[in-house]
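Peer 1: Fold the following, please.
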Amino acid sequence: MIFFADDNLIGNKKLLKQDLLPALIEWRSKNIYAPTFATQLTVNLADDPELMKILLEAGFRHILISIESLQTDSLEQMKKKQNTKRNLLENIKLLQSKGFIVIGTFIVGLDNYKEEIFPNLAGFIQESGLILVVVNVLKAPPGTVLYERMKKENRLVDTLEFNEDRTNIIPVMDKKILHNGYKMVLRNIYNPENALQRILTYYSNLNTDGVKNSIKRKVTLRDFFIFIGIIFKLEIVFSKRNYFWQLILWTIKNKRNYLDLSILFSLLMFQYHNLFNAFLNNEKKELIFTRNNSTLNS
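Peer 2: Next up is the predicted model:
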């Protein structure tokens, strides 16, 4: 996979449609084992059927979309108006149905968040069929407008860590409520059983019959040994291996052409399981704030 590191690849649709994507399609037509592409873009891709089709023909499959919040006022505050006045759930499912693997990012800990946001967020992620999900606690990197505002409000702590469960901001929400709510979201999305159900939801939405330049891979001996190593790790090391086998057997029966993708998703289940265990281990020492922040008042 090759990642196009652009904050919003579809920001200039005219240039994309007339220049980059036609060139990639021409190149792919001459290279049947060309790699797949990934990028970052905005959810309003769902409004442009022509662009979706060309992106798929050019080889784009993984698309990272910053959904961030389910609250309109929070989205407007973050200047993400393209996420408002639309049904985000339907948009995600439409993109999945075309053949995209949507990577969804979300933020918790915004000033106007209430306690009910946590179960709402967990429910949205589960219903959407999003498999690759990143949920961050709000951070204020130096040089940003948010950093300057937090500095003026005397709400910054000294250290900024980019771990998802870290923040350098003193939140408006009680820090224990924020921590427990965040843990509830992680428990739901990282749970292998829930992850399996999201994978099956994704497959139920998937339909790539209209794509001419399908992704092809030349299987090598090295791939075989990698596959053996993966099977060993998931069968021997993964305590929740039953979900791995459920997915593999279901894929062989229903979506055999996507077996390699199901193996990738199985590794994600394994990784999510380990990430949540790591979060629980860190929880014994501290809440979700930076390590020099344990004495802050709620």
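
Peer 1: Pull out the buried residues from the helix or strand hosting Lys176.
Peer 2: Using DSSP states H and E, Lys176 maps to helix 175-190. Residues of helix 175-190 classed as buried under the neighbour-count rule (16 or more other C-beta atoms under 10 Å) are 175, 178-179, 181-183, 185-186, 188-190. Heads up, the C-betas are built off the backbone N, CA and C, glycines and all.

Peer 1: any idea of the mean pLDDT for the next helix or strand after it?
Peer 2: Using DSSP H and E, the helix or strand that follows helix 175-190 in sequence is helix 192-205. In this model, helix 192-205 has an average pLDDT of 95.

Peer 1: Next, the angle from helix 192-205 to helix 175-190.
Peer 2: 60 degrees (axes from the mean of the first three to the mean of the last three C-alpha atoms, to 10 degrees).

Peer 1: Report the distance from the next helix-or-strand element following helix 192-205 to the chain centre.
Peer 2: Heading C-terminal from helix 192-205, the first helix or strand you meet, by DSSP H and E, is helix 221-232. Mean-position distance between helix 221-232 and its chain equals 26 Å (C-alpha atoms, centre = their mean, to the nearest Å).

Peer 1: Excluding its own residues, what touches helix 221-232? List them.
Peer 2: Contacts to helix 221-232, defined as C-beta atoms under 8 Å, 6 or more residues apart in numbering, come from residues 217, 263, 266-267.

Peer 1: buried set for that helix?
Peer 2: For helix 221-232, by 16+ other C-beta under 10 Å, it's Ile230.

Peer 1: Can you show me the CA trace of that helix as PDB?
Peer 2: Coordinates of each C-alpha in helix 221-232 appear next as PDB, following Å, rounded to 0.1, in the frame of the first residue of the first chain:
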ATOM      1  CA  LEU A 221       6.800 -17.800  -1.100                       C
ATOM      2  CA  ARG A 222       7.500 -15.000   1.300                       C
ATOM      3  CA  ASP A 223       3.700 -14.400   1.600                       C
ATOM      4  CA  PHE A 224       3.200 -18.000   2.500                       C
ATOM      5  CA  PHE A 225       5.600 -17.800   5.400                       C
ATOM      6  CA  ILE A 226       4.000 -14.600   6.600                       C
ATOM      7  CA  PHE A 227       0.600 -16.300   6.500                       C
ATOM      8  CA  ILE A 228       2.000 -19.200   8.600                       C
ATOM      9  CA  GLY A 229       3.400 -16.700  11.100                       C
ATOM     10  CA  ILE A 230       0.000 -14.900  11.300                       C
ATOM     11  CA  ILE A 231      -1.900 -18.200  11.800                       C
ATOM     12  CA  PHE A 232       0.600 -19.200  14.600                       C
END
